[in-house]
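**Student:** structural data only, the sequence is not supplied:
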């Protein structure tokens, strides 16, 4: 699976390393991802998600059920 947050859809970006002499070389800005298990009390089961730090904050703010519903609506999650 690619390194994409399942809640926010964040993925790696591309930019430049810039040296003191202003020479530019390509680099990647990776996402701060974690594999985390969350408990769904409605379905009485655990769900493992690949989420970014911002995704964890979204789950804490909105709740797991709402965050999963929004992510499925945007197409970040197939079937959970």
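**Tutor:** It's in. None of the values given here were measured: they were computed from a predicted structure. Numbers count the residues shown, from 1 in each chain.

**Student:** just the strands in the chain please.
**Tutor:** 13-18, 24-29, 33-40, 45-52 (DSSP state E).

**Student:** most tightly surrounded among those strands?
**Tutor:** Using mean count of other Cβ atoms under 10 Å, the stretch among these with the greatest mean number of neighbours is strand 45-52 (a mean of 16). Heads up, the C-betas are built off the backbone N, CA and C, glycines and all.

**Student:** mean confidence score for it?
**Tutor:** Within the predicted structure, the mean pLDDT of strand 45-52 is 96.

**Student:** centre of the chain to the edge, which residue is at the far end?
**Tutor:** Among the residues of the chain, the one whose C-alpha is farthest from the average of all C-alpha positions is residue 21, by Cα atoms, centre = their mean at 35.0 Å.

**Student:** can you tell me the closest non-neighbouring residue to residue 49?
**Tutor:** Closest residue in space to residue 49, ignoring its immediate chain neighbours: residue 6 at 5.0 Å, by Cβ to Cβ, 6 or more residues apart in numbering.
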